[in-house]
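S.K.: Predicted model, plus sequence, below.
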Amino acid sequence: MRNRPGQPFDVAEARADAPVLDDVIFAPACAPGRAAVSIVRLSGSGAAGAVEALCGAPPPPRLASLRRLVGRDGPIDEALVLWFPAPASFTGEDVAEFHLHGSRAVLRAVLAELGRRPGLRPAEPGEFARRAFRNGKRDLASLEGLADLIDAETEAQRRQALEQLSGAAGRMAQRWSEALLDLQAEVESDLDFSDEADVQTDLTRVRRGAARLAAEMAAAVEGVGAAARLRDGFRIAIAGPPNVGKSSLLNAIAARDVAIVADSPGTTRDVLDTPLDLGGLPVTLSDTAGQRESTDPIEAEGVRRARARAADADLVWWLARTEAETEGAPAGATIVASQRDRFASDPSPRWADIAISAQTGLGLPELLARAQSTLAQLAAPAESAAIVRERHREATEAARASLLRIEAGVGAPELVAEELRLARRAIGRIVGATDVEQVLGVIFSRFCIGK
Ligand SMILES: Nc1nc2c(ncn2[C@@H]2O[C@H](COP(=O)(O)OP(=O)(O)O)[C@@H](O)[C@H]2O)c(=O)[nH]1
Ligand SMILES: [Mg+2]
C-alpha cells in the first residue's frame, strides 16, 4: 500500500501566505496616448458598485453593451462595457472593462471618476496578474510567459512566450513533482514497516528512479541558454582590423547612419549596437573598434571592448580585404571579404567564407541568410523548450542536486526521504507553490501597470 504524502504542490498553503489586498483596483489596459479605443479595467469584489455608479447595473456577463458613462460633473463618454463576474475572469475576481473613445481627456475623466470612489485605487504594476496568481487562475511560470508575450517583438519570441503562457513549464514541473512524490511514498512506506520486521530497506529502485529523473532534468535545462537568447536577442559582432568597412556594413544593414564612417583608421571606439529582426529571430548587431595595437588609451579600451564583445557573441563576422587581414580572427568566425567592388580582380577570394561590398550591397542578402540559418539552429530547441528561464533553471538544478546525492548513495532512508522533499520543494518554486514571496516581487515588478 502506498501512502501519498500530500498533494504534488501545497498550493493552497503557499497562497494563504500571500498578502490579501481586497480593494477594487483599476488601470488603463493599454499604452497612453491618442488611439481609437482605450480600455480601463477594474477588478475586485466591489467592481459592480463602481460600474453601477458610472453607467447603471452591470451588463449581462461577457456581452458587450453600449452604455453612457456619467460622472459627477455630467456625461463622460459612450463606451462598450464588459462584465466578467468572479470566478470566470482573468483575475478570478469580478472584473469590468470600459472600452472608451481613446482620447487622453476621456481616459483622464474616467480615471478621475473611479479614483474618487471609496474602496477604489489605481493598480500597482502587475497587480492584476498577481491577483490571478493568488486566486489560482495561473501559475507563476505561465504569468512569466504572459509578460514575455506582451514584450515579444519578433515571431520567434512570440511563439516561445505563447508556449510558456500555455503552461509548458508548469506541466513539466507538475510531472516531476508527481514522480518525486511517488519515490517519496516508496521510501516512506519502507520506513513505516522497517521497525515491524527485519525488513532490509532496499533503496535500489528509488536510486534508479532518482537517477532517471536527474537525467531528465539535465536534458530539460540544456536549452536554457538558447532560450534566454531568444528572449533577450542573439548577438552578432562585426570585427576585424581598422578600415576594412565594419561601420559601413553596420550602416548598410541598418539602412541608416548608425556609425561614423571615415577614411582614418580608429574612428570607431565604442561598441555600437543596432537591433535586427532576422526572419523572426531578435538580433543585436554590434559594430566594434578595429583591432590593432594602439598607444592611444581610449582606442586601446575600444579594442579591449571589441574583443570582449566578439568573445560573447553568438556569431562573429570578421571582415578583411586581404588574406593578411584575416590574422587574429577568432575560431568559428565567419570570414567576410569586404569592399569587393574595389577588388575586381579577386571578387570572391578562397580565403573567405563570403564576399561583400557595403557600398554596392553585393553579398549582403547572402550574409544575412547565412547568419539567420546559423542562429535558427541555435534557437530551434529553445522555441519548444519548457524550461526557458534562469529562475526555472536554478530551481531545476537545485532539485537535480538532491537527486544526484541520492544516486551517489546518501545512506539512511530518512536522508533519502529528506532529499526527495527538498527536490520537490525546489521544483515547486517554478510554479510558485513554494518560496512564493521570494519570487513574486521580482516577477511582478516587470509587469506594466494594467496587467
Ligand atoms: N569602395 C568601398 N569602400 C568602402 C566599403 N566599405 C567601406 N568603405 C570605405 O572604407 C573606409 C573605412 O570604412 P569604415 O566603415 O569606417 O571601416 P571600419 O574602420 O572597419 O569601421 C571608408 O572610407 C569607407 O567609405 C565598400 O564596400 N566599398
Ligand atoms: Mg568603424
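M.R.: It's in. Ligands and ions are numbered 1, 2, ... in the order given.
S.K.: Looks like Val221 contacts Thr396 (just checking).
M.R.: Yes: if you go by C-beta atoms under 8 Å, Val221 and Thr396 touch, sitting 5.2 Å apart. For the C-beta atoms, the positions are set from N, CA and C on the backbone; glycine is no exception.
S.K.: Now do the SS call for the spatially closest residue to Asp341 that is not a sequence neighbour.
M.R.: Among residues not flanking Asp341 along the chain, Ser357 sits closest, at 4.2 Å (C-beta to C-beta, 6 or more residues apart in numbering). Under DSSP: H, G, I helix; E, B strand; the rest coil, the three-state class of Ser357 is coil.
S.K.: Output the below-cut-off pLDDT ranges for the stretch 51-200 of the chain.
M.R.: Scanning the stretch 51-200 of the chain for pLDDT under 70 picks out 190-200.
S.K.: sorry, back to before: now for the residue nearest to Asp341: which residues touch it?
M.R.: Contacts of Ser357 were listed using C-beta atoms under 8 Å, 6 or more residues apart in numbering, and they are Ser338, Gln339, Arg340, Asp341, Arg342, Gly363.
S.K.: hmm, 7 Å instead?
M.R.: By C-beta atoms under 7 Å, 6 or more residues apart in numbering, the residues touching Ser357 are Gln339, Arg340, Asp341, Gly363.
S.K.: before we move on, back to that, so which of Val221 and Thr396 has more stuff around it?
M.R.: More neighbours surround Thr396 than the other of Val221 and Thr396, with 27 against 20 (other C-beta atoms under 10 Å).
S.K.: My read is that the more buried one contacts Val388, right?
M.R.: No: using C-beta atoms under 7 Å, Thr396 is not in contact with Val388, being 11.2 Å away.
S.K.: how many neighbours does the nearest residue to Ile406 once chain neighbours are set aside have?
M.R.: Nearest residue to Ile406, sequence neighbours excluded (C-beta to C-beta, 6+ apart): Ala210, at 4.2 Å. Using other C-beta under 10 Å, the number of residues around Ala210 comes to 26.
S.K.: pretty sure Ala210 belongs to a strand, no?
M.R.: No: judged by three-state DSSP, Ala210 forms no part of a strand; its state is helix.
S.K.: Can you tell me which residues in the stretch 301-450 of the chain are near ligand 1?
M.R.: Neighbours of ligand 1 within the stretch 301-450 of the chain, by C-beta under 6 Å from any ligand atom: Ser338, Gln339, Asp341, Arg342, Ser357, Ala358, Gln359.
S.K.: What subset of the residues you listed is buried?
M.R.: The neighbour-count test (16 or more other C-beta atoms under 10 Å) marks Ser338, Gln339, Ser357, Ala358 as buried among these.
S.K.: Spatially nearest residue to the last one (excluding sequence neighbours)?
M.R.: Taking C-beta to C-beta, 6+ apart, and ignoring the residues beside it in sequence, Ala358 has Ser248 as its nearest neighbour in space, at 3.8 Å.
S.K.: For the single nearest residue of the stretch 251-400 of the chain relative to ligand 2, give me the pLDDT.
M.R.: Nearest to ligand 2, among the residues of the stretch 251-400 of the chain, is Thr268, at 3.0 Å (C-beta to the ion). At Thr268, the model reports a pLDDT of 77.
S.K.: At the contact with ligand 2, which residues of the chain appear?
M.R.: Lys246, Ser247, Thr268 (C-beta under 5 Å from the ion).
S.K.: picking that back up, now do the shared contacts for Val221 and Thr396.
M.R.: Common contacts of Val221 and Thr396 (C-beta under 7 Å, 6+ apart): Ile387.
S.K.: The longest helix anywhere in the chain - contacts with which helices or strands?
M.R.: In the chain, assigned by DSSP state H, the helix with the most residues is helix 168-194. Applying 3 or more C-beta pairs under 7 Å, 6 or more residues apart in numbering; DSSP states H and E, one finds that helix 168-194 makes contact with helix 140-151, helix 204-221, helix 413-431.
S.K.: could you dump the ones you listed to JSON lines with distance to Pro282?
M.R.: As requested, the helices and strands packed on helix 168-194 are exported to JSON lines (distance: least, C-beta to C-beta, whole Å):
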{"stretch": "helix 140-151", "distance to Pro282": "11"}
{"stretch": "helix 204-221", "distance to Pro282": "22"}
{"stretch": "helix 413-431", "distance to Pro282": "24"}
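S.K.: right, and these - which one's nearest Val283?
M.R.: helix 140-151 (16.1 Å; C-beta to C-beta).
S.K.: Contacts for the helix or strand following that closest one, please.
M.R.: Moving toward the C-terminus from helix 140-151, the next helix or strand (DSSP states H and E) is helix 155-165. Helix 155-165 is contacted from outside by 141-142, 144-146, 148-149, 152, 227, 230-231, 280-282, 379, 382-384, 388, using C-beta under 7 Å, 6+ apart.
S.K.: what angle separates helix 155-165 from helix 140-151?
M.R.: Going by axes from the mean of the first three to the mean of the last three C-alpha atoms, to 10 degrees, helix 155-165 is angled at 150 degrees with respect to helix 140-151.
S.K.: now helix 155-165 and helix 168-194, what's the angle there?
M.R.: Going by the same axes, to 10 degrees, helix 155-165 makes 30 degrees with helix 168-194.
S.K.: all strands for the chain, in order.
M.R.: Counting by DSSP state E, the segments of the chain that form strands are 24-28, 37-43, 65-71, 74-84, 95-101, 120-122, 234-239, 272-278, 281-287, 315-320, 334-337, 354-355.
S.K.: possible to save these as TSV with distance to Leu368?
M.R.: Formatted as TSV, the strands of the chain follow (distance: least, C-beta to C-beta, whole Å):
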stretch	distance to Leu368
strand 24-28	39
strand 37-43	38
strand 65-71	49
strand 74-84	44
strand 95-101	41
strand 120-122	45
strand 234-239	10
strand 272-278	6
strand 281-287	10
strand 315-320	10
strand 334-337	11
strand 354-355	10
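S.K.: which stretch among these comes nearest Arg205?
M.R.: strand 234-239 (43.8 Å).
S.K.: if we can go back for a sec, of the contacts of helix 155-165, just the buried ones, PyMOL syntax please.
M.R.: In PyMOL, a selection of the buried entries from these looks like this (16+ other C-beta under 10 Å):
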select buried, resi 141+142+144+145+146+148+149+152+227+230+231+280+281+282+379+382+383+388
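S.K.: Contacts only, for the residue nearest to Leu114 when sequence neighbours are not counted.
M.R.: Leaving aside its sequence neighbours, Leu114 sits nearest to Phe26 (C-beta to C-beta, 6+ apart; 4.9 Å). Applying C-beta under 7 Å, 6+ apart, we find Phe26 in contact with Val40, Arg41, Leu42, Leu114, Leu120, Pro122, Ala123.
S.K.: so how far is Leu143 from the third one?
M.R.: Read it as Leu42. Remark: distance between Leu42 and Leu143 (C-beta to C-beta, to the nearest Å) = 20 Å.
S.K.: about what we covered before: starting at the chain centroid, how far to the longest helix of the chain?
M.R.: Centre-to-centre, helix 168-194 and its host chain are 29 Å apart (C-alpha atoms, centre = their mean, to the nearest Å).
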